[in-house]
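S.K.: how would this look folded up:
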Amino acid sequence: MKIRKRRRSSDSISGALIRCVSAGMIIGALFLTALLLGLAALLCAVRTLPLRYLPALISVSCALAGFLAGFFSAQIRKRSGLITGALSALMLAILFCATRIGFGGLLIDLNLFLRLVIMALCGGIGGIIAVNRKTDDRRKLYRKN
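M.R.: Okay, the predicted model is just below:
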């Protein structure tokens, strides 16, 4: 009597992709939250910082968070770094827009569009770097000697 294993939806390719993208998005969201809280603390501590630099600092924070989201999601999946990283960063950007809608209404402007594009590009770059990164396998060093 053969016992047939049922494939769960989480074992499929799309289920694995969704898990990796979700994990990368969560890591990126936590990092973005920490960066924006640090930026708010910096603005409170240094009162002489002009507010015209604020959109640029937020864009840099979004780019770093998108990079980390793409990096970690592709590192978990271990293949398709560009697609996995860009999807993870794009989901993070959608989450960023949703929180922006919740706090102040949707104001579609060039800064929002540029942040979305920058986050997706940085996520794709982070995914490529994560997949192509060489691991330091110490066992290989010992086997050569």
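S.K.: from here on, contacts and neighbour counts on C-alpha atoms
M.R.: Noted.
S.K.: max-length helix in this protein?
M.R.: As assigned by DSSP state H, the longest helix anywhere in the chain is helix 13-45.
S.K.: what's the local residue count around the closest residue in space to residue 92 that isn't next to it in sequence?
M.R.: Of all residues not flanking residue 92 in the chain, residue 25 sits nearest, at 5.3 Å (CA to CA, 6 or more residues apart in numbering). Residue neighbour count, defined by other CA atoms under 10 Å, stands at 28 for residue 25.
S.K.: verify the contact between residue 86 and residue 128 for me.
M.R.: No: in this structure, residue 86 is not within contact of residue 128 by CA atoms under 8 Å, at 9.7 Å.
S.K.: neighbour count for the two, which is higher?
M.R.: Higher neighbour count among residue 86 and residue 128: residue 86, with 30 against 24, using other CA under 10 Å.
S.K.: so that one is in which element?
M.R.: Assigned by DSSP states H and E, residue 86 belongs to helix 81-104.
S.K.: list the buried residues of the longest helix of the chain.
M.R.: 17-18, 20-29, 31-32, 35, 39 (16 or more other CA atoms under 10 Å).
S.K.: list just the nearest of the residues you listed to residue 91.
M.R.: Closest to residue 91 out of those is residue 25 (6.5 Å), distances taken as CA to CA.
S.K.: among the helices and strands of this protein, which has the poorest mean pLDDT?
M.R.: Lowest mean confidence among the helices and strands of the chain (mean pLDDT, DSSP states H and E): helix 138-144, at a mean of 57.
S.K.: distance check, residue 79 against residue 91.
M.R.: 19 Å (CA to CA, to the nearest Å).
S.K.: more crowded one of the two?
M.R.: Neighbours per residue (other CA under 10 Å) separate residue 79 from residue 91, with residue 91 holding more: 24 against 16.
S.K.: residues contacting that one?
M.R.: Residue 91 makes contact with 21, 25 under the criterion CA atoms under 8 Å, 6 or more residues apart in numbering.
S.K.: i'd like the first residue to be 585 from this point on
M.R.: Happy to do that; since the first residue is 585 now, the last one works out to residue 675.
S.K.: roughly how far does it sit from residue 698?
M.R.: Distance from residue 675 to residue 698, by CA to CA: 15 Å.
S.K.: likewise for residue 622?
M.R.: Distance from residue 622 to residue 698, by CA to CA: 22 Å.
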